[in-house]
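>>> kindly generate the corresponding structure for this input.
(one chain, ligands or ions: 2)
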Amino acid sequence: MGNMHGTVYRNGRQIDVGYGVPTTCEQPGCTEQIDRGLAYLCGSVHGGDEYSCGGYFCGQHLYTAPEGHHGNRCVLCVDRGADPTEYSPDAMVATFN
Ligand SMILES: [Zn+2]
Ligand SMILES: [Zn+2]
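Ligands and ions are numbered 1, 2, ... in the order given. Predicted coordinates for the structure are as follows:
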């Protein structure tokens, strides 16, 4: 794909995206310098979709998408689209009494 660069609409605002666009991790409090390439994207398409916000996050704040989904997810989106009936040993909250 090379040094892809373009613009997308996200939350009604046009933003520059691509490997050559420097930005800061969008996790509040994180100052990690990253770029707006797919490697740092929450979701699989720039601008987000029904399962992801389209934000850009450093490796520390990106998680593998649920089974059957592509790309990575931020902490807020990681469980979106996952099958809630499926038991996951990695679930962060699992308290049943
Ligand atoms: Zn997200
Ligand atoms: Zn971060």
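
>>> tell me where this protein has strands.
For the chain, the strands defined by DSSP state E occupy 5-10, 13-24, 33-36, 63-64, 72-73.

>>> out of the ones you listed, which is the most enclosed?
Highest mean neighbour count among those (mean count of other CB atoms under 10 Å): strand 72-73, with a mean of 24. No exception for glycine: its C-beta is placed from N, CA and C like everyone else's.

>>> that one packs against which elements?
If you count contacts as 3 or more CB pairs under 8 Å, 6 or more residues apart in numbering; DSSP states H and E, strand 72-73 packs onto strand 63-64.

>>> who touches the strand it packs on?
72-75, 78 (CB atoms under 8 Å, 6 or more residues apart in numbering).

>>> could the strands of the chain go into TSV alongside mean pLDDT?
Shown next, in TSV, are the strands of the chain (pLDDT from 0 to 100):
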stretch	mean pLDDT
strand 5-10	90
strand 13-24	95
strand 33-36	98
strand 63-64	95
strand 72-73	96
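
>>> so which of the ones you listed gets nearest Gly54?
strand 5-10 (5.1 Å; CB to CB).

>>> parallel or antiparallel, which strands does the closest one pair with?
strand 13-24 (antiparallel) (DSSP bridges).

>>> near ligand 1, which residues of the chain?
42, 53, 74, 77 (CB under 5 Å from the ion).

>>> picking that back up, and the furthest pair within the contacts of strand 63-64?
Longest span within the contacts of strand 63-64, CB to CB: Asn72 and Val75, 10.9 Å.
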